[in-house]
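Engineer: 3D, please:
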Amino acid sequence: MTSTRRTLLRAGSAAAVAGTALGFPAVARAQQSFSWKMTSAYPKGAPFYMDGPGSATDLAKRIDAMSGGRLKIQVFGAGELIPAFEGFDAVRAGTVEMNHANSYFWTGKTFAAQYFTAVPFGMNFQGINGWLYDGGGIDL
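Structural biologist: Okay, the predicted model is just below:
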């Protein structure tokens, strides 16, 4: 019985090593880097929206740091790359990868957008998730 157990352990160890070796190509592919463009409905230098903690440029810096430099996001202010309120269409068309604006700007494009921009000092993430999952937000 002991020899059977050891044989089983050796076989399991060999399988784990083989599985790890097969997984390495996926890790190597994960090292690919990306350069994305983010447009905004706000001009460069706009406090809170474009500069400072919680701003679009702050988000881009955080993503760069968290991705180990693999995802670089270049932030464009209103009118630099596209007109201020055309970000929704630019992302949909694939012109840019991201847009930073209040979703109620897109109410004419998708009705539900107006419900996903909190007023200043609105709900925190827990409140929003509570509304989405327990208050009928997703159904809306």
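Engineer: how about residue 106, what does it touch?
Structural biologist: By C-beta atoms under 8 Å, 6 or more residues apart in numbering, residue 106 lies in contact with 88, 113. Where you see a C-beta, it was placed from the backbone N, CA and C, and this is true even at glycine.
Engineer: now swap in residue 35 and tell me
Structural biologist: Residue 35 neighbours (C-beta under 8 Å, 6+ apart): 72-74.
Engineer: so residue 123 touches residue 131, yeah?
Structural biologist: Yes: using C-beta atoms under 8 Å, residue 123 makes contact with residue 131 at a distance of 6.9 Å.
Engineer: so for these two, which sits in the more crowded spot?
Structural biologist: Using other C-beta atoms under 10 Å, the more surrounded residue of residue 123 and residue 131 is residue 131, with 15 against 12.
Engineer: separation between the more buried one and residue 51?
Structural biologist: 30 Å (C-beta to C-beta, to the nearest Å).
Engineer: can you map out the helices along the protein?
Structural biologist: 2-29, 56-66, 87-93, 125-134 (DSSP state H).
Engineer: mean pLDDT lowest for which of those?
Structural biologist: Sorting these by mean pLDDT places helix 2-29 lowest, at a mean of 54.
Engineer: can I get the CA coordinates of stretch 42-56 in CSV?
Structural biologist: C-alpha atoms of stretch 42-56 as CSV (Å, rounded to 0.1, in the frame of the first residue of the first chain):
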residue,chain,number,x,y,z
TYR,A,42,-13.6,68.0,-19.5
PRO,A,43,-10.7,70.2,-20.5
LYS,A,44,-7.1,69.6,-19.4
GLY,A,45,-6.4,70.9,-16.0
ALA,A,46,-10.0,70.7,-14.7
PRO,A,47,-9.7,70.0,-11.0
PHE,A,48,-11.0,66.7,-9.8
TYR,A,49,-12.1,65.6,-13.3
MET,A,50,-8.7,65.8,-15.0
ASP,A,51,-6.2,66.6,-12.3
GLY,A,52,-5.8,65.5,-8.7
PRO,A,53,-6.9,62.4,-6.7
GLY,A,54,-9.7,60.5,-8.3
SER,A,55,-9.3,62.2,-11.7
ALA,A,56,-8.8,60.7,-15.2
